[in-house]
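**Q** Pasting the sequence and the predicted coordinates here, then a few questions.
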Amino acid sequence: MKLLQFYHLQDEARKLQVGLLKGDSTVVALSTAGTVRDVIRESDIYSLQEGASYRLDEVKLLSPLTDPEKIICIGLNYHDHVIESNMQVPKVPVLFPKYNNCLTGHDDEVVIPAEVSQCDYEVELAVVIGKTAKRVPLESAMDYVFGYTVLNDVSARDIQLNEPQWTRGKAIDGFAPMGPWIVTADEIENPGNLSISLKLNGETMQNSNTKELIFNIPYLVSFLSNTITLQPGDIISTGTPPGVGMGRKPQVWLKPGDVVEATIEGIGTLRNTFVADQF
């Protein structure tokens with residue numbers, strides 16, 4: 001099941017609706033007045049009735065989650081990315097937060113603030129938590145996963161790496177494009193073996209597989225839940241593979257007009273255009 005949030009392009013009020021993607025090009029509205037987070041939290045997704053159907057080009061896709069309680073990101077979680085970042089392989093997961101202000105959807109524009117001159121891309125597999133998780137044993141950790149989506153962990157390297165913590169360079173408005181939808185866990189046979197890639201203006205910049213993760217999904221869910229209670233709709237973004245702009249020679253920084261396409265096998269492609277700050 002591919003679960004999404006959208007509004008109908010002819011709806012002047014732009015009312016948020018929850019829907020399903022059927023096939024490749026049909027969006028079916030579901031009978032709920034809430035958000036995807038509400039649907040996950042209430043565990044009633046399979047009891048919702050289907051409503052109006054739209055062509056995909058008749059709707060605007062929003063971030064499939066717009067109101068998570070937590071967005072927990074994992075840094076330095078692919079071996080080759082650690083090497084290109086000139087850092088040590090971590091002994092425990094490296095954590096940093098993003099917030100709801102960072103979330104934006106498929107085909108949305110991402111504004112590069114005037115202060116930022118080193119804007120970078122990072123394709124990541126994002127895990128969506130399905131039920132309250134506290135002190136979860138490793139062997140049952142996957143029971144708490146609702147599904148998966150694509151997240152681009154956009155980063156302002158000139159801020160991130162020149163301050164004593166990463167938050168201000170990571171949690172900029174719009175710097176967590178996510179989508180285009182959530183694929184439920186039952187449709188992903190092995191999230192630990194998915195191809196993951198990113199294209200910049202049509203050129204492949206990142207190309208790897210989630211089997212290269214240093215800390216895998218069960219470990220992350222268990223590790224985090226030991227001290228942080230995970231709630232339905234929370235997001236764990238599992239880190240990016242090598243090929244980021246910072247690690248290239250010469251380095252590659254995103255500029256206005258650039259189009260980034262982040263793709264994960266079994267989920268889909270998240271596309272965003274980067275634009276200049278107008279203020």
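**A** Now that the structure is in, tell me what you want to look at. Source: prediction; values computed, not measured.

**Q** Give me the domain ranges for this protein.
**A** Following automatic domain parsing, one finds the domains of the chain at 2-62, 71-276.

**Q** I'd like the average pLDDT over the last one.
**A** Read it as domain 71-276. Mean pLDDT, domain 71-276: 96.

**Q** circling back to that earlier point, point out the most buried one among the domains of the chain.
**A** domain 71-276 (a mean of 19; mean count of other Cβ atoms under 10 Å). For every residue, glycine as well, the C-beta is placed using N, CA and C.

**Q** Now do that domain: distance from first to last residue.
**A** 26 Å (Cα to Cα, to the nearest Å).

**Q** Also stretch 231-251?
**A** 38 Å.

**Q** And the longest helix along the chain, what does it pack against?
**A** Determined from DSSP state H, the single longest helix within the chain is helix 217-225. In terms of contacts (3 or more Cβ pairs under 8 Å, 6 or more residues apart in numbering; DSSP states H and E), helix 217-225 is packed against strand 123-129, strand 235-237.

**Q** ok, 10 Å please
**A** strand 71-75, strand 94-98, strand 123-129, strand 145-152, strand 235-237 (3 or more Cβ pairs under 10 Å, 6 or more residues apart in numbering; DSSP states H and E).

**Q** tell me the SS of residue 81?
**A** Secondary structure state of residue 81, per DSSP: H, G, I helix; E, B strand; the rest coil, is helix.

**Q** Correct me if wrong: it contacts residue 196.
**A** No. Counting by Cβ atoms under 10 Å, residue 81 stays clear of residue 196, with 11.5 Å between them.

**Q** shared neighbours of the two, anything?
**A** 206, 208, 212, 240-241 (Cβ atoms under 10 Å, 6 or more residues apart in numbering).

**Q** now those residues as CSV including secondary structure and distance to residue 60?
**A** Shown next, in CSV, are these (DSSP: H, G, I helix; E, B strand; the rest coil; distance: Cβ to Cβ, whole Å):
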residue, secondary structure, distance to residue 60
206, strand, 27
208, strand, 31
212, helix, 34
240, coil, 27
241, coil, 30
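
**Q** and which of those is nearest residue 259?
**A** Relative to residue 259, the closest of these is residue 206; by Cβ to Cβ it sits at 14.8 Å.

**Q** Run a quick check on that closest one versus residue 244, I expect a contact.
**A** Yes. Contact criterion Cβ under 10 Å: residue 206 and residue 244 qualify, at 7.0 Å.

**Q** what residues are shared contacts of the two?
**A** Common neighbours of residue 206 and residue 244 (Cβ under 10 Å, 6+ apart) are 81, 121-123, 198.

**Q** Let me know the closest of the residues you listed to residue 130.
**A** Nearest to residue 130 among the shared contacts of residue 206 and residue 244, with distances taken as Cβ to Cβ, is residue 123, at 23.0 Å.

**Q** I'd say the closest one and residue 271 touch.
**A** No. Using Cβ under 10 Å as the test, residue 123 is too far from residue 271 to be in contact (11.7 Å).

**Q** Find residues that contact each of the two.
**A** Joint contacts of residue 123 and residue 271 (Cβ under 10 Å, 6+ apart) are 150, 152, 199, 260-263.

**Q** can I get those residues in CSV with secondary structure?
**A** Converted to CSV, the shared contacts of residue 123 and residue 271 look like this (three-state DSSP):
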residue, secondary structure
150, strand
152, strand
199, strand
260, strand
261, strand
262, strand
263, strand
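
**Q** Show me which of those is closest to residue 177.
**A** Residue 177 lies nearest to residue 152 out of these, by Cβ to Cβ, at 4.5 Å.

**Q** Chain neighbours aside, what residue packs nearest to the closest one?
**A** Nearest-residue entry for residue 152: residue 177, 4.5 Å, with adjacent residues in sequence omitted and distances by Cβ to Cβ, 6 or more residues apart in numbering.

**Q** Quick check: that neighbour vs residue 198, distance?
**A** 11 Å (Cβ to Cβ, to the nearest Å).
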